[in-house]
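Fold the following, please.
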Amino acid sequence: MTEAAYVDFARLKERVRIEQLIPILNLTLKQNGPQYRGPCPTCRQGGDRALALNSDKRSYYCFAQGKGGDVISLVAHIRDMTQREAALYIEQQLGTAEPRTASVASNTAPSPAVQQTRELKPLDYLQYTEAVGGLGVSEATCKAWGAGFAPKGIMRGRFAVPIHDRQGTLLAYVGIAVSDEQSPKLLFPNGFDPHSVIFGGDRVGEGELYLVRDPLQVLTAFEAGMENVVAFLAPITPQSLEMLAALCDEKRVETIELF
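Here you go, the predicted structure:
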């Protein structure tokens with residue numbers, strides 16, 4: 001791997017509409033509203049409607065194989081690539097500019113979810129409370145991370161911690177439970193994909209990297225003076241490992257310690 005080979009999975013999936021990939025992958029599909037249906041050139045099974053794309057959800061499903069996913073997964077499926085190879089392929093084909101309209105699709109504005117992500121601003125009402133202190137996080141650490149107890153909003157009653165992409169853009173907040181009674185332990189806003197980001201990745205520098213089990217451990221490690229600590233926000237998948245490898249390559253991480 002090389003430094004130039006880094007691709008931000010989350011931003012790529014934000015930027016690319018799945019119908020843009022139809023001509024690039026030479027797919028023969030018929031459109032019916034947001035749905036595109038046609039044969040799967042990879043499986044060559046299931047008939048002439050085996051492959052389904054949904055432009056609204058930016059997703060695909062192959063009935064022949066019984067699996068689906070996002071824009072990166074579609075390229076990986078059609079071209080028999082890894083997730084990282086597929087992401088790099090999309091970057092090479094479409095570049096880093098804003099999405100272009102494919103010939104098979106009509107001009108549409110970005111989805112509300114994408115617009116909301118681009119316009120997201122830090123929550124200015126977060127507070128430092130005893131409940132947050134009970135998690136082992138000081139007020140100084142909360143200020144350093146822009147985190148705090150949420151007295152209102154969708155994270156109400158939880159420890160709200162910002163999630164940034166590799167470039168430091170604010171994507172969402174994760175609501176961490178402050179008591180055993182709260183479930184789930186990690187709460188994400190609707191429309192946010194926790195598989196798409198490595199928590200703390202925007203703070204990584206050269207040297208040794210520490211991978212811990214959740215974002216609270218990242219903050220408590222920071223509390224103890226530890227830098228270069230990250231966590232996944234969802235169960236580990238092959239895509240997660242590809243993202244971690246790309247991050248390590250980009251930041252020249254020498255070794256990884258797991259905790």
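
contacting residues around the residue nearest the centre of the chain?
In the chain, the residue lying closest to the centroid (Cα atoms, centre = their mean) is S196, at 1.8 Å. Taking Cβ atoms under 8 Å, 6 or more residues apart in numbering, we find S196 in contact with 9-10, 13. C-beta coordinates here come from the backbone N, C-alpha and C atoms, glycine included.

pretty sure F232 contacts L186?
No. When contacts are counted by Cβ atoms under 8 Å, F232 is not listed as touching L186 (10.8 Å).

that older thread, next, check the contacts of S196 against the helices and list the overlap.
9-10, 13 (DSSP state H).

wait, which of those residues is closest to S138?
Comparing the ones in helices among the contacts of S196 against S138 with Cβ to Cβ places A10 closest, at 29.2 Å.

those strands in this protein, which residues are they?
Listed in chain order, the strands of the chain (DSSP state E) span 30-32, 35-38, 51-54, 59-62, 67-69, 148-149, 159-164, 170-176, 186-187, 198-199, 207-212, 229-232, 253-258.

so what's the nearest residue to F159 once chain neighbours are set aside scoring on pLDDT?
Excluding the flanking residues, the one nearest F159 by Cβ to Cβ, 6 or more residues apart in numbering is I176, at 4.2 Å. Confidence at I176, expressed as pLDDT, is 97.

swap in F199?
Taking F199 on its own, its pLDDT is 96.

Now for it, how many residues are close by?
25 (other Cβ atoms under 10 Å).

what does the one 10 residues further on give?
Burial of L209, expressed as a neighbour count using other Cβ under 10 Å, amounts to 23.

From what I see, it and R252 are in contact.
No. Judged on Cβ under 8 Å, L209 makes no contact with R252 at a distance of 10.3 Å.

And the helices in this protein?
So, for the chain - with DSSP H - the helices run 9-15, 21-24, 71-79, 83-94, 112-119, 130-133, 139-145, 215-223, 238-251.

export those to a markdown table and tack on mean neighbour count and mean pLDDT?
Shown next, in a markdown table, are the helices of the chain (neighbours: other Cβ atoms under 10 Å; pLDDT from 0 to 100):
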| stretch | mean neighbour count | mean pLDDT |
| --- | --- | --- |
| helix 9-15 | 21 | 83 |
| helix 21-24 | 18 | 89 |
| helix 71-79 | 22 | 91 |
| helix 83-94 | 19 | 84 |
| helix 112-119 | 13 | 44 |
| helix 130-133 | 15 | 95 |
| helix 139-145 | 15 | 96 |
| helix 215-223 | 21 | 94 |
| helix 238-251 | 18 | 84 |
